[in-house]
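*Asks:* got a sequence here, can you model it:
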Amino acid sequence: MTGSVLLEVCVDTAEGLEIAAAHGADRIELCASLGIGGLTPSIGMMRLAKAIGFPTRAMIRPRQGDFTYSDTELTMMLDDIELGGGHWPGGRRCRRQPAKR
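*Replies:* The predicted structure follows:
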């Protein structure tokens, strides 16, 4: 193995963001509503993460449940990415399951 294991912490609050950055996280995954699996965070939360300057990725997920998205949901996700513009703290995360056939 050539690299070390990174500790990525998922957070959905300003307090969680600050705690993870101060106490050993290597990277943060920024979400909203972790209690339902994580959703796209607010622009305000992304601004806060960017201001802290810690390696951070933002979840792009319009709803709870599976990761199979309709065309409408994919359009919403692309709009979230576009509207986030310069507020994205360091990157975006999307996951999609292939549609069942």
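*Asks:* so G65, which state does it fall into?
*Replies:* coil (DSSP: H, G, I helix; E, B strand; the rest coil).
*Asks:* residues contacting it?
*Replies:* The contact partners of G65, by Cβ atoms under 8 Å, 6 or more residues apart in numbering, come to G37. Where you see a C-beta, it was placed from the backbone N, CA and C, and this is true even at glycine.
*Asks:* hmm, M46 is touching A58, no?
*Replies:* Yes - with contacts counted by Cβ atoms under 8 Å, M46 reaches A58, the gap being 5.8 Å.
*Asks:* which one of those two is surrounded by more residues?
*Replies:* A58 (27 against 21; other Cβ atoms under 10 Å).
*Asks:* that's a strand at L78, yeah?
*Replies:* No - going by three-state DSSP, the assignment for L78 is helix, not a strand.
*Asks:* how much space separates it from S42?
*Replies:* 18 Å (Cβ to Cβ, to the nearest Å).
*Asks:* what about stretch 49-60, start to end distance?
*Replies:* One end of stretch 49-60 to the other measures 15 Å (Cα to Cα, to the nearest Å).
*Asks:* for that stretch, list every residue counted as buried.
*Replies:* A49, K50, I52, F54, T56, R57, A58, M59, I60 (16 or more other Cβ atoms under 10 Å).
*Asks:* ok, those residues vs C31, which is closest?
*Replies:* Nearest to C31 among those: M59, at 4.4 Å, using Cβ to Cβ.
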